[in-house]
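Undergrad: Below are the sequence and a predicted model; questions follow.
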Amino acid sequence: MTPDFTSSFPLRAARVHEVCGPSAASFAAVCASTAQGTVLWIREHWRPEGLNPLGLSPFFDPAKLLIAQVKDQTEGLAVAEEALRDGSVPLVVLEISQPIGLIQGRRLQLSAKTGKSTGLCLIPDGMGSNAAESRWRAAPLFDPFSAAGDSTLQRYELIKNKSGTLGSWHVRWDTASRRLHLVSATGE
Amino acid sequence: MFDGIQRRVVSIWFPRLASDRVLRMRPLEGPFALTLTQSNTNRIYCLNTAAERLGLSAGMPFSDARAFCPDLQSRPADPLADRRFQHALRRWAVRYCPWVGLEDHDGLVLDITGTAHLFGGEATLLMDMRQRLSRAGITARIGLGDSRGAAWALAHHGEGSAPIGAALEALQDLPVTALRLEEKTVTALGRLGLRTINDLASAARAPLTRRFGPSLLMRLDQALGQQPEQITPLKDPPHYGVRMTLPEPIGIKSDVMEGTSRLLTQLCEKLKARETGARILSLTLRRVDQDSQQVELRLARPMRDASRILPLFERGIGDVDAGYGIDQMRLEAVQVEPMAVQQISHVSAGHKDQLDDLITRIGTRIGLENVQRFLAADSHIPERSYQIAAAAFSTPDSAWSTIRPRPLHIFPPNPLMGTHAAPTPPKRFRWRRMSFSTARASGPERIAPEWWLEAGGWHTGVRDYWCVETRQGRRLWLFFTPQSPSWYVQGEFA
């Protein structure tokens, strides 16, 4: 039996979570859509792929997004820690390119607790830290029933959870109402 | 009416201001001229004495001057720098009296009423002035009189000083050009036989006014001190710097922070009085061994609230090496922006301030221009449909509209190798070492390049964009270039 999605999905506040998989950025965008206030997105400046604000606009108003271009991961972690501790941004998204250790993860967790803001690390597969509150894997799915061009079916898999059970759900983003809908998985 | 002290005015004329300025930097022997191109002719702008002695004059074409004097050395003139030099001289002249104004573009006027005795009398003051200027290599003609007009006349014609209350006696033999008249008026006066100031002063006033208008006699009266004329001293630009010297050197971070907080309080008072806010602050800490260290703080928006700026200094001060101790601190607002007083109400959120402080703090770590936000731009080209601007120097706008779906990630186009060159999306393709099969595709959406702009990568012509949903799940944004048939991936949807 699948556990209750709502018990773990709006991510627990004042904690640092992790997400991996091909749809990690859209998972972050979904989280940002519910955040009240500015969202800080920290990324390393050498990355070739850029965020497209027009692609973000179905999720939330790109005007509330701040981007910090950092030199390397150390700088990114420092900025994330500062922003989480400050508490004036409810969500800090950090793109990670190298594995982070327990110390760094714990520091992020402590500063999130101090500032009462939520952190989300976009990690490559298997590079998370044990200090994360929860770890998700987000992947797009082909949806044979939706209209062409506006399918947003995804599978969110909870692969680590410090306070609850694991699970896997199919979800769909509704652009008009800006809400995430849970979809019952079709028989496989 | 009070007339206890007679007003005394000094006028200084720099006949060779421009060439003196250049020659001060780079002394030269022999004739020298500055040239300026005016209405397609290169003319002489200013000369030195050697060149004047050879018969050259300002305003003559430079080629003529070269013909007269083959060894004439020249340099292009820079009127703006001359203007700055005149302002510098004005600042220098404040040593004699506080009331110093500019006269035309090549002179100064000083109201030395009541200050001459500080230098041991008027004669000594003029001598001191002359000595200092000649030591600096600047030619100057100095006139002293009861009024601005008299001083000007004496400076430009003959140099000298008019005794108190005897302007007419001092000026009577000077030509009428000494009255700052127009060229036309001077010629007309010459035809009437009025060549000196004495001629003019003894002529009947009414016919002169009828013939030349009121300005002629106004100039005469101003020179003779019968009509007042003001001297406008320039305003000094506000100075946003404060400093503190300590009797004993300090080195503990909390002590330095305390000192900074005292300086900040003083500085913010100044900023508040002038309704400005600091954008860049620079704290200079001088150590006992004469070495000094700087802490620069760039703020995300103009601020003048000491209690908010102080915590932002914490990181910079923590990095300072105090050595044997710091005994002087200086805080300066390097860049200042106008910041009007604002009404504080219960709806104005304090949250915004906190965010700006965070941007400042992050900015001190990674550079203020690296904290960015997106701004909407008016273009169909995907890469140009938005701009990235520094968050500290822009305001967010919410004019985002999309008619067609746009990908979440956008990257430089990756060519799809080994696909057929047909205008419909390939059934199977490989991208980033993964193989995909197309389940559904919607399109095409044709986007033409903006020919009026140089665009990287758009030389292949128009692009037909397709949203391709793969059976593997990923939804990609592909495009086909019909003019040189091949397929590329440019983005990935959510």
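TA: Received, thanks.
Undergrad: Could you list the low-pLDDT ranges of chain A?
TA: A:1-2, A:148-150, A:185-188 (pLDDT under 70).
Undergrad: give the contact list for the spatially most central residue of chain A.
TA: Ranked by distance to the mean C-alpha position of chain A (C-alpha atoms, centre = their mean), the top residue is A:A28 at 3.2 Å. Residues near A:A28 by C-beta atoms under 8 Å, 6 or more residues apart in numbering or on different chains: A:V19, A:W41, A:V93, A:L120, A:L122. Using the backbone N, CA and C atoms, a C-beta is placed for each residue, glycine as well.
Undergrad: repeat that with 7 Å
TA: A:A28 makes contacts with A:V19, A:V93, A:L120, A:L122, as judged by C-beta atoms under 7 Å, 6 or more residues apart in numbering or on different chains.
Undergrad: now the helices: where do they sit in chain A?
TA: With DSSP state H as the definition, chain A shows helices at residue ranges A:24-34, A:53-56, A:73-86, A:102-115.
Undergrad: Apologies, that question was intended for the stretch 1-150 of chain B.
TA: In the stretch 1-150 of chain B, helices defined by DSSP state H, counting those that start in this stretch lie at B:17-25, B:49-53, B:62-68, B:79-93, B:122-135, B:148-156, listed in chain order.
Undergrad: For these, give me a markdown table that also has mean pLDDT and distance to chain A.
TA: Supplementary listing: these in a markdown table, determined by pLDDT from 0 to 100; distance: least, C-beta to the nearest C-beta, whole Å:
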| stretch | mean pLDDT | distance to chain A |
| --- | --- | --- |
| helix B:17-25 | 92 | 43 |
| helix B:49-53 | 89 | 58 |
| helix B:62-68 | 91 | 53 |
| helix B:79-93 | 93 | 38 |
| helix B:122-135 | 94 | 54 |
| helix B:148-156 | 92 | 59 |
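Undergrad: and these, which is most packed in?
TA: Sort the helices of the stretch 1-150 of chain B by mean neighbour count, taking mean count of other C-beta atoms under 10 Å in any protein chain shown, and helix B:148-156 sits at the top with a mean of 26.
Undergrad: Can you name the residues in contact with that one?
TA: Surrounding helix B:148-156, the residues in contact under the criterion C-beta under 7 Å, 6+ apart are B:9-13, B:103, B:109, B:141-145, B:160-162, B:167, B:170-171, B:174, B:178-180, B:219, B:222-223, B:225, B:229, B:231.
Undergrad: Any chance you could list what contacts the following helix or strand past it?
TA: With elements assigned by DSSP states H and E, the helix or strand that comes after helix B:148-156 is strand B:160-161. Residues from elsewhere that reach strand B:160-161 (C-beta under 7 Å, 6+ apart): B:E122, B:L126, B:G143, B:L144, B:G145, B:L154, B:A170.
Undergrad: Within its sheet, name the partner strands of strand B:160-161 and how each one runs.
TA: Strand B:160-161 has these partner strands in its sheet, going by DSSP bridges: strand B:141-145 (parallel).
Undergrad: What's the local residue count around A:C20?
TA: Number of residues near A:C20 (other C-beta atoms under 10 Å in any protein chain shown) recorded here: 23.
Undergrad: chain center to stretch A:117-125, what's the gap?
TA: With C-alpha atoms, centre = their mean, to the nearest Å as the basis, the distance from the averaged C-alpha position of stretch A:117-125 to the chain average is 6 Å.
Undergrad: I'd like to know if it reaches chain B anywhere along the stretch.
TA: No: judged by C-beta under 7 Å from any C-beta of the partner chain, stretch A:117-125 and chain B are separated, with a smallest distance of 10.6 Å.
Undergrad: tell me which residues of that stretch are tucked away?
TA: Buried residues in stretch A:117-125, defined by neighbour count with 16 or more other C-beta atoms under 10 Å in any protein chain shown: A:S117, A:T118, A:G119, A:L120, A:C121, A:L122, A:I123.
Undergrad: Pick the one among these closest to chain B.
TA: The nearest member of the buried residues of stretch A:117-125 to chain B, counting by C-beta to the nearest C-beta, is A:S117 at 10.6 Å.
Undergrad: thought that closest one was touching A:S88?
TA: No: with contact taken as C-beta atoms under 7 Å, A:S117 and A:S88 are classed as non-touching, separated by 8.0 Å.
Undergrad: check contacts around B:P163.
TA: B:A170.
Undergrad: The same query, at a cut-off of 8 Å, please.
TA: Contacts of B:P163 were listed using C-beta under 8 Å, 6+ apart, and they are B:E169, B:A170.
Undergrad: ditto for A:Q154
TA: Under the criterion of C-beta under 8 Å, 6+ apart, the contact list for A:Q154 reads A:S23, A:S26, A:F27, A:A138, A:A139, A:P140, A:L141, A:H170, A:V171, A:R172, A:W173, B:A494.
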